[in-house]
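>>> Need the 3D shape of this:
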Amino acid sequence: MLTFENRRLNFPSGKLMDGTINFVFSNRQFRSDELTWTYRNTSCWHTRLSNGLSIELQLSADRLAMRFGNGDQALLLKEIVIEFPPQLDSEAFLEYTHSRWFYEQASGVKPVGIATPILTSNPPSHLLYLLAPRHQPGPSLLMATLPPNQGEFVVFQAVHPTPVMRGKFGVRITAEENRTLAPQTEFALSELLFQASEQDPTLQLEALGELYARHRTLPLKPPRRGWNSWDARHTDVKPEDVYRIEPELLKFSHGQIRTFVVDDGWQLAYGAWRPNPKFPCRLHDFCREVTERGGIPGIWTAPLCLANSYMVPSAWVVTSPNPDRHWVLDITHPEAQQYLRTLYTDLYQAGFRYFKVDFTNCILETEKLYDQSMGKAGVLRLLYRIIREAIGPDSYFLGCCVPYEPAFDLVDAVRTTADIQIYWSCVVINMISASARWWMHRRLWNNDPDFLVVRGPETSRENFSGTSPLIAGRYGSGPVLSRREAMTLALALYMTNGDLMLSDDFSQLNEAGRDILRRILELPPLSRAARPVDLFTCPCGEPPSQWWAEDSGQLAIFNWSEDFKTMTVKPQDFGRSQVSAMFWNEKTWESTLLPEVNFTLAPHEAIGVTLT
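All right, here's what the predicted structure looks like:
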């Protein structure tokens, strides 16, 4: 139970005590232990700062809420920081960290204070932070921000007193505000959850997903299956590419692959969202062609990206230090908001019903916006709300490069991994993040683990060159996917139960490549994402090796290593009595009631078994 004693916050069940709450403004900061608080009842305290801001703390058993009322002067609130001093043993805990958006860093589990090939030694964690016991039994500590989002980003991070990051550590929780407070305005901090639990930490994460699900008002749509132009064509996409591949895939998939998405490359420029000379047709005509053939037309946009400062009126433009995304549309300007409403309304009226919205994270690095009152997460919620209202409830809204907190209850799906490439190193890194986010799927939204690509020397008629040695943790290193590795990727994506978007040039796949697609399409979809049961016990730098779909009794087993491995399945661990069948990558085994069954897997191989 949370307490507030001696003007400090305490999380006794998590053994985090004496936490100070700091309120940081542009010209000064205030510490909770230096303020005078009025005790209103057993769960509520109040204070007023010398700059006129009124603060109310509300505590329940495991939640902290803060409400604010400004006085007579305008203020610039930079951040609110809760800091618990070092008091936990770093050797005793694993930490689950979650990135703000998928490209910022990987997400996953590692020992506190120790780097892996994928994760740095002390990564920040966004939306939530979980500490699980590493060696000895004990409670897992979950700290998270809960909906509805109030406009801030909340960052959790371990606090180490020395660069060595050994010994005791504390926890810092930072609400990134950066908002102006007009006189007499009121606002709140998103509610924070503090929970210590003896249950399996994977179940604790699923319970957090259920908390979010109770706040969701946007109905879930079925995960989407389709084809996207990006991996096959990159920016050289033409209408004929879609017209050629659509009937082939519709026939091959018996109508399962229905959504056909034109990715980056159709537009004249960032900020000029009309077809370029390589895409010489009216968007209405393109959508009609795709629809008449039986498909659903989809389109990629990056609404905040501008090719230069002259794409829109100068009052709508802000800058970012990122040279790749330097010019940014200021969505807080009322005229820019109307511009985007018109853009997405026109795309909807042209016939698009799938919208892949990208690079909205570029607003995070901008300095001063037209309206500074809502915080960066609030700005993004405004953007996503404008798009959702323009494309209507029937369209499928995929957020790609969207920060997760503001996307909740406005998008249908979010990307959970980096862009896939046809290299094993990319598969491993992507599946680390995809497996860490399984608990969000069908609770917060649909997870989109990026494309299923299977092409390689064994599966395609294309020529492949320019490969390099495989280096652990280096994205894009190593040879092109083998058939075995493509089979493993296909099984992993199936077990996520997320969107299944193909992106190879289907006409170039040989029978081995098409067979992988045929097999994955023949499997009945899962009802939920499979749980990565060894997420907190698998080797550092590898994805989990056992993904369990309880409703269907399906277990996927992965050998992510470079060596042959004997993998043991114990049906009793899953409440079952035997291995009764194989649904992926068939191998021989004795169907008996033995307490365990062993399978020998080659490097990068995976199998799927059914337990009954």
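>>> three-state assignment of Leu208?
Following DSSP: H, G, I helix; E, B strand; the rest coil, Leu208 is assigned to helix.
>>> That one contacts Leu142, doesn't it?
Yes - applying CB atoms under 8 Å, one finds Leu208 in contact with Leu142, separated by 6.7 Å. For the C-beta atoms, the positions are set from N, CA and C on the backbone; glycine is no exception.
>>> Spatially central residue in this protein, please.
Thr416 (3.8 Å; CA atoms, centre = their mean).
>>> packing partners for the strand or helix carrying Phe169?
Assigned by DSSP states H and E, Phe169 belongs to strand 168-181. Applying 3 or more CB pairs under 8 Å, 6 or more residues apart in numbering; DSSP states H and E, one finds that strand 168-181 makes contact with strand 75-89, strand 153-159, strand 186-197, helix 375-391.
>>> Could you name the helices and strands sitting against the first one?
Just to be clear, that refers to strand 75-89. strand 8-11, strand 16-25, strand 153-159, strand 168-181.
>>> try the second one
In this structure, strand 153-159 packs against strand 75-89, strand 125-126, strand 128-133, strand 168-181, helix 375-391, with contacts taken as 3+ CB pairs under 8 Å, 6+ apart.
>>> So for Pro277, which of those sits nearest?
helix 375-391 (26.8 Å; CB to CB).
>>> which residues sit against that closest one?
149-153, 176-179, 303-304, 331-332, 337, 340-341, 343-345, 347-348, 352, 355, 357, 360, 363-364, 369, 374, 397, 399, 402-403, 405-407, 410-411 (CB atoms under 8 Å, 6 or more residues apart in numbering).
>>> Strands - which of those residues land there?
Of the positions in the contacts of helix 375-391, Phe153, Glu176, Glu177, Asn178, Arg179, Phe355, Val357, Phe397, Gly399 sit in strands, assigned by DSSP state E.
>>> Just give the number of residues close to the first one.
Burial measure for Phe153: 26 neighbouring residues, criterion other CB atoms under 10 Å.
>>> Check the fifth one too.
Applying the criterion other CB under 10 Å, we find 21 residues in the vicinity of Arg179.
>>> before we move on, the earlier item: JSON lines for the helices and strands packed on strand 168-181, including mean pLDDT?
Formatted as JSON lines, the helices and strands packed on strand 168-181 follow (pLDDT from 0 to 100):
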{"stretch": "strand 75-89", "mean pLDDT": "98"}
{"stretch": "strand 153-159", "mean pLDDT": "98"}
{"stretch": "strand 186-197", "mean pLDDT": "97"}
{"stretch": "helix 375-391", "mean pLDDT": "98"}
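>>> Which one, of the ones you listed, ends up nearest to Glu95?
strand 153-159 (6.6 Å).
>>> Which strands border that closest one, and is each parallel or antiparallel?
Strand 153-159 has the following sheet partners, assigned by DSSP bridges: strand 125-126 (antiparallel), strand 168-181 (antiparallel).
>>> winner for burial among those strands?
strand 125-126 (a mean of 24; mean count of other CB atoms under 10 Å).
>>> and that strand, what's its mean pLDDT?
Mean pLDDT, computed over strand 125-126, is 97.
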